[in-house]
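Quick check, what structure comes out for this input:
(chains A and B, ligands or ions: 3)
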Amino acid sequence: MSVHSHAAPEPVGGKLFNTATFILGILVAVMFAILIVRFIFGLGAVTNLNDGYPWGIWVVVDVVIGSAFACGGFSVAMLVYIFNKGQYHPLVRPALLASLFGYTLAGVGVLFDLGRWWNFWHILWPTYANPNSVMFEVALCISAYIIVMWIEFSPVFMEKWGMKVQKQKLEKVLFFFIALGTLLPMMHQSSLGTLLVVMGPQVNPLWQTPIVPLLYLLSAITIGYGIVLFESCVTAAAYRRQIEMHLLQPMAKVMLGVLAVFVALRAGDLIVRGALGHAFAPSLEAFFFWLEIGCFLMPFLLIGSQGARRNPAMLFLAGCSIMMGGILMRINGFLIGYDTGLGVDHGWNYFPSIAEMLVTIGMFAIEILAYIIITRRFPVLPREEAQAAH
Amino acid sequence: MALEKTSRRNFLKGVLAASGAVAASVAPQQACARDTLQRPPEGLGLLYDATLCVGCQACVAACKQANDNPAEFNAMDKLWDTPLDTSGHTFNLIKMYRNGTMEQKDSELNGFSFMKTSCMHCADPSCVSACPVTAMFKDPVTGVVGYDADACIGCRYCVAACPFGIPKYQYDSPTGKIGKCELCRHRHDEGHYSACAEVCPTGATLFGRTEDLLAEAKRRLALKPGDWATMPRGRLPAQNETPEQAAKWKGLLDQSYEAQVGNYLQHVYGEKEYGGTQVLKLSAVNFEKVGMPNLPPKSSAATSETIQHSLYGGLIMPIAVLAGLTWVAKRNVVADDKAALSLSPSPASGGGAQKAGGKS
Ligand code: SF4
Ligand code: SF4
Ligand code: SF4
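Numbers count the residues shown, from 1 in each chain, chains lettered A, B, ... in the order given. Ligands and ions are numbered 1, 2, ... in the order given. Down below sits the predicted model:
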């Protein structure tokens, strides 16, 4: 490979206070205001959660989807270190950074949703923990992964603060953390899907399957690549940098490969279980099912050909489309396809309240804000040869 | 060229390691299969007979009292406890099925029927399997599914998991708990059995050992509809119960009376559903129509735990995969260092990064 792809990371620099960061700051402040109400008056005061929908967007979007979106670090690291595709190296740090924040916030976000949050530590305490519980496994792996990611990312801080000795020591054992950092997301991304299994027939057969862990794992990997395409394009546009086309192009091909396996499994599973009939019922579930499938198939249309993959706009759209598919698959399984079937009269309904949505938006705002601050001040993005971004 | 070859070989190794990991994570090993759990032999429960129920809601009021639950108002005048469904503050409710003119009790067409809604005390409870902190637990002897608020983190996974929609969270409080029927286990030590069975005037709700209740249910199904038969009330004594055993429970020993046999469906709900439940039900109207879901004999807890144990049993698979990944990553990270690709900048470009870092 040529040398240009291995440019060392360096801070982007530039002002931290601008319109974008100001708006993000306001969104974060709004979120905190709502959370104060939530903690004083209870979940019912701000959310539309009810006895038929005990989980809303704070669980499904902030945690289940948020952590899947944070799979860029895992997907790229796997490509670089496990499949030894060193040329993708410049993508590792930015992707890892986004993952770091995605997961850390998902971990913190869980606290907002816990009805008895002061007991949260029980989940990691041996006398309370229930190893049969899927949620226990998810919590354990996510907590461990957050720590592992901070370790994986710590060379960045060590570089900035000139901690050469510590950095060298860490690098000697980094391979182990990289391996662990590949295993843990595999475990909990699949288990996030397994959460559905115990809900049994309450989940529509379009999303209730014993291979749900494998489907969630594969889709998390594709979302990981999708989010890297998305982030690379957005970062390039926002910081007026060049898009790393020579990297994104072949990576998009890898992404399509994983996506093809995923789609084949998804379809095969529905046929084998005889669940496909539900997709043709005149129902909201069927509509959202096709929307989801459409989003997963779209990338093949968009960037199926070599020529189309040279077009950054197409790569960007394909990334968005995969992300949409991942969002829909999770919302469909946990909310739209979930029904206790026991509600009074017309059953239970759930649509998030404004306050709930503002908290979710606030969480994403924190993430973007932190990404901006860190990339401007710490060596994360590959050095730009041509021009500086200020 | 040499480097190229090595990297290709490593790539293949990576593919092997990863596909091995995925394949291993998919194939559920037979050894790890977790069978559906069965009722403990001394398990306690209730038998609810919809054809005997007169819908008086005495059990609803008694349940509120026994559990110190507040009234819930849904009517214009706030005089009566009028919950629309079970909730974090209502653990037991008699619901009504209505059809057409509602002339005939226990008739699916132009009729009505009652159905009790409260915890089924499943043999293999989804709520217990779901709960990450063992706040939902099943007593190994009595089989009663209890709840411990001091352990609970309020994640509401049990609420989402229960196929009967039983555990419910108290959203109206900043320190809300999960509310659910615990078969009045807090009253057992004082010799009181389930309040709902204690007060039931017709014996529609009967307390006892589930095995005895099941035999009683089958006895009723074998009777001729319309005939008069003896129906027990309150507590059903265990088969061959000794006086000492009987003395454990307060209340009259024999409260039985003569009642007309209902037009039962030949189905004891709870005998086999999800491996069986300790609360059993009889009805003349289709169970799904009166709000009892159609469940297979295999519990979803068994399916879920089989997947989990196949993947993580004894941590064998994660450790094996981790070993593989570590081995591959070690080779590749070293190769990276040589090619100046590692997380750290190469010595040559490292200075640049330092300088740039200092600039900001
Ligand atoms: S009915 Fe629901 S709450 Fe009761 S034991 Fe079964 S799963 Fe648990
Ligand atoms: S809400 Fe409480 S009882 Fe229910 S699953 Fe969560 S921790 Fe367990
Ligand atoms: S057993 Fe007790 S808690 Fe359960 S429904 Fe009956 S009265 Fe209520």
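
tell me the SS of residue B:301?
helix (DSSP: H, G, I helix; E, B strand; the rest coil).

how far away is residue A:147 from residue A:154?
11 Å (CB to CB, to the nearest Å). C-beta: built from backbone N, CA, C; applies to glycine.

Same drill for these two, tell me which one is more crowded.
The residue with more neighbours, out of residue A:147 and residue A:154, is residue A:154; 17 against 13, by other CB atoms under 10 Å in any protein chain shown.

which residues does the more buried one contact?
Contact analysis of residue A:154 by CB atoms under 8 Å, 6 or more residues apart in numbering or on different chains lists residue A:170.

Does it belong to a helix, a strand or coil?
Assignment for residue A:154 (three-state DSSP): helix.

roughly how far apart are it and ligand 3?
53 Å (CB to the nearest ligand atom, to the nearest Å).

Get me the contact residues on chain B for ligand 3.
Residues of chain B that fall close to ligand 3, judged by CB under 6 Å from any ligand atom: B:62-63, B:66-67, B:91-92, B:118, B:181, B:183-184, B:194-196.

Write out the residues of chain B neighbouring ligand 1.
Contact residues (CB under 6 Å from any ligand atom) of chain B with ligand 1: B:119-122, B:125-127, B:145, B:162, B:164, B:166-167, B:180.

if I pick residue B:150, what's in contact with it?
Going by CB under 8 Å, 6+ apart, residue B:150 touches residue A:119.

Ok, residue A:333 next?
Neighbours of residue A:333 in contact, by CB under 8 Å, 6+ apart: A:193, A:196, A:203, A:207, A:208, A:212.

tell me the pLDDT at it?
Residue A:333 is assigned a pLDDT of 95 by the prediction.

same check, this time on the one 4 residues further on
The model reports residue A:337 with a pLDDT of 93.

so it sits right up against residue A:203, yeah?
Yes. With contact defined as CB atoms under 8 Å, residue A:337 counts as touching residue A:203 (5.6 Å).

how about low-confidence regions in chain B?
B:1-31, B:334-360 (pLDDT under 70).

Most proximal residue of it with respect to chain A?
residue B:154 (2.4 Å; CB to the nearest CB).

so which helix or strand takes in that residue?
Using DSSP states H and E, residue B:154 falls within no helix or strand.

Mind checking which of the residues of chain B next to ligand 3 land in helices?
Judged by DSSP state H, the subset of those located in helices is B:62, B:63, B:66, B:195, B:196.

Can you report how many residues lie near the second one?
Think residue B:63. For residue B:63, using other CB under 10 Å, the count is 23.

Next up, the contacts around whichever residue of the stretch 201-350 of chain B sits closest to ligand 1.
Residue nearest to ligand 1 within the stretch 201-350 of chain B (CB to the nearest ligand atom): residue B:277, separated by 6.6 Å. Applying CB under 8 Å, 6+ apart to residue B:277 gives the contacts B:45, B:120, B:121, B:122, B:123, B:270.

ok, the fifth one - contacts?
Going back to what we said before, that points to residue B:123. B:36, B:37, B:38, B:39, B:43, B:143, B:274, B:275, B:276, B:277, B:278, B:299.

Then the first one?
Residue B:45 makes contacts with B:121, B:143, B:183, B:207, B:208, B:209, B:210, B:213, B:277, B:278, B:279, B:280, as judged by CB under 8 Å, 6+ apart.

where does the first one fall, phi/psi-wise?
Pointing back at residue B:121 there. Phi and psi for residue B:121, reported as degrees, to the nearest 10, are phi 50, psi 60.

tell me the contacts of the residue nearest to it when sequence neighbours are not counted?
Spatial nearest neighbour of residue B:121, excluding adjacent residues (CB to CB, 6 or more residues apart in numbering or on different chains): residue B:278 at 3.8 Å. Shown in contact with residue B:278 (CB under 8 Å, 6+ apart): B:39, B:43-46, B:120-123, B:143-144, B:183, B:210, B:270.

mind listing which of those residues are in helices?
By the criterion of DSSP H, membership of the contacts of residue B:278 in helices covers residue B:210.

Let me have the contacts of residue B:278 in TSV, extended by distance to residue A:252.
Putting the contacts of residue B:278 into TSV (distance: CB to CB, whole Å) gives the following:
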residue	distance to residue A:252
B:39	55
B:43	58
B:44	61
B:45	58
B:46	60
B:120	51
B:121	54
B:122	48
B:123	51
B:143	55
B:144	56
B:183	58
B:210	59
B:270	54
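
quick revisit: between the residues of chain B next to ligand 1, which sits nearest residue B:86?
residue B:166 (6.9 Å; CB to CB).

That closest one: neighbour count?
With other CB under 10 Å as criterion, residue B:166 counts 25.

Return the residues in contact with it.
By CB under 8 Å, 6+ apart, residue B:166 lies in contact with B:86, B:117, B:118, B:119, B:120, B:127, B:180, B:181.

let's go with 7 Å and repeat that
By CB atoms under 7 Å, 6 or more residues apart in numbering or on different chains, residue B:166 lies in contact with B:86, B:119, B:180.

Out of those, which comes closest to ligand 3?
Of these, the one sitting nearest to ligand 3 (CB to the nearest ligand atom) turns out to be residue B:119, at 6.4 Å.

Contacts only, for the closest one.
B:145, B:166, B:180, B:181.

Now with 8 Å, please.
Taking CB under 8 Å, 6+ apart, one finds B:91, B:145, B:164, B:166, B:167, B:180, B:181, B:182, B:183, B:279 in contact with residue B:119.

Could you identify which of these has the most neighbours?
residue B:167 (32 neighbours).

close to chain B, is stretch A:216-226?
Yes. Using CB under 8 Å from any CB of the partner chain, we find that stretch A:216-226 touches chain B at residue A:217.

How about residues contacting that stretch?
Residues outside stretch A:216-226 that contact it (CB under 8 Å, 6+ apart): A:68-69, A:71-76, A:78, A:95, A:185-186, A:189-190, A:192-194, A:251-252, A:254-255, A:258-259, A:261-262, A:265, A:318-323, A:325-326, A:329, B:22, B:25.

Alright, I will stop here.
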